[in-house]
Each structure stands twice: as structure tokens, then as C-alpha cells.
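Participant: Prediction below, plus the sequence it came from.
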Amino acid sequence: MSVREKLSVSDFEAFLKLPENADRRFELHNGAIREMSPSSELPTVIAMRLAILLGSHVYAARLGVLTGADAGFALTPRDVLSPDVAFIRAERLSGIRRRGFFQIPPDLAIEVVSPSDSIPALQRKAARYLALGVREVWIIYPDDQTADIYRAGSAPDRLEVQQIASDGALESDLLPGFRLPLSQLFALGTPILDDRPEDAQAE
């Protein structure tokens, strides 16, 4: 949802400090504020599980740091984006500031698709991430238990998309030694239901 047009990062920071916005999530896209809907059950569980599995490797190998969905990356003076999970390599960090958005793009941005998400919009967001300096974008599809990996192509304005089937695995040159089969990511230890619990109880 667009709230206002052509705001700067400092305008956006002031907007976020308003009392009525304390418990809401927003991104800044080319100066326009967009409110982010709360995630559904499955996508948020998958995002957290992916962060834990990826984080255990990243921190054990001292590869860098991970962020969650509440992190803001000021990628231009009019863009602040918040991936569900992001990774920044250690050699690009001089430290972690106590306040403010990250001023560098993450190396890896991960988005987990929610039922309310538009797939074409997420694909455009992946292209936007890459145009603004992110090296790799993962889009995770919980319904199909598949994933797409986006990278910048060899030609300008071209993207490479690697489709990962449900029997495939997530891995990247950015993460030496990391390999996560999608079957493991989606092994939640509890059934994935088609309906909300209250719907099932109402029948």
C-alpha cells in the first residue's frame, strides 16, 4: 500500500517513529512507503527455520552475519528494503552500529512467499535487489516446496534464474560448504495443513 510518494530515507525514519506505526512493518520503494502484511503461519515458520539452519553454518564458519525480516537496508537515498532473511559477508563489515539502517546491500537476500504475495511483484523485487547491489536472491515457495535463485547475468539488465526442484538443494558460492536440501528445510516435524485450524474445527 503506497502511503506517500518520493520520500527520502530520513523522511522514512521519521515516519517509522510515529506512534501509530510502532507495530507495523514498511519498506521504502523509490520514495514510496509500502506497508508489509503480517506473514501467514507457514511462511514465517519456514523463514525462521531457514535462518536457523543457515545461521548455524554461517556463524560456525565465521562467514558473516544474518538479519531477519525487521532489518532495513538503505540501498539508495529512496529505497529501504527488508528481506525475510539476509546474509552479509564478514569481510564487508567493519562493525555493527547500534542504530540506523544497514548502509550496504546484503550479499544474499531471501524472500519466502506468503499467500498474500504477488509472485510477479516478488520477481520484480528480486531484480530490484540485484540492480541495487545484492549479489544473489533466493525466493522460497512453501506451497510447491521449491525455490528460485536469482543472480545478475553476464549482460546488462539480464538475470539468471536457477530453479530448484523439491528434490534439490540450496547452495551458493557465497556460502562455502553450505548445502540445504529443500526436503530438510520443509521437514517441520508437524503436518502442513491446507486449512486454518479454526476452519477444520468448524466443519
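Facilitator: That came through, no problem. Numbers count the residues shown, from 1 in each chain.
Participant: how about residue 51, what does it touch?
Facilitator: The neighbourhood of residue 51, defined by Cβ atoms under 8 Å, 6 or more residues apart in numbering, consists of 66, 68, 85. C-betas here are computed from N, CA, C, even on glycine.
Participant: The last one is in contact with residue 65, isn't it?
Facilitator: So the one you mean is residue 85. No. Using Cβ atoms under 8 Å, residue 85 is not in contact with residue 65, being 11.3 Å away.
Participant: For this structure, which residues score under the pLDDT cut-off?
Facilitator: 1-5, 155-156, 195-203 (pLDDT under 70).
Participant: residues of the longest helix anywhere in it that come out buried?
Facilitator: The helix spanning the most residues in the chain, taking DSSP state H as the definition, is helix 41-60. Buried residues in helix 41-60, defined by neighbour count with 16 or more other Cβ atoms under 10 Å: 42-47, 49-51, 54, 58.
Participant: Out of the contacts of residue 51, who's the most crowded?
Facilitator: For the contacts of residue 51, counting by other Cβ atoms under 10 Å, the largest number of neighbours falls to residue 85: 25 neighbours.
Participant: burial measure for the residue nearest to it when sequence neighbours are not counted, as a count.
Facilitator: Closest residue to residue 85 apart from its sequence neighbours, by Cβ to Cβ, 6 or more residues apart in numbering: residue 110 at 4.1 Å. Residue 110: 24 surrounding residues under other Cβ under 10 Å.
Participant: ranges for the helices of this structure?
Facilitator: Ranges of helices within the chain are 9-16, 41-60, 119-131, 182-185, 197-202, based on DSSP H.
Participant: if we can go back for a sec, would you list the contacts of residue 51 in TSV and tack on distance to residue 160?
Facilitator: Putting those into TSV (distance: Cβ to Cβ, whole Å) gives the following:
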residue	distance to residue 160
66	24
68	27
85	21
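Participant: what's the distance between the nearest residue to residue 75 once chain neighbours are set aside and residue 86?
Facilitator: Across the structure, with Cβ to Cβ, 6+ apart as the measure, the residue nearest residue 75 apart from its sequence neighbours is residue 132 (4.1 Å). Plainly put, residue 132 is 13 Å away from residue 86 if you go by Cβ to Cβ, to the nearest Å.
Participant: Mind checking which of those two has more residues around it?
Facilitator: More neighbours surround residue 86 than the other of residue 132 and residue 86, with 26 against 14 (other Cβ under 10 Å).
Participant: partner residues bridging residue 73?
Facilitator: Beta-bridge partners recorded for residue 73 (DSSP bridges): residue 81, residue 102.
Participant: my guess is it meets residue 105, correct?
Facilitator: Yes. Under the criterion of Cβ under 8 Å, residue 73 lies in contact with residue 105, with a separation of 6.1 Å.
Participant: List the contacts of residue 174.
Facilitator: For residue 174, the contact set (Cβ under 8 Å, 6+ apart) comprises 87, 89, 107-108, 135-136.
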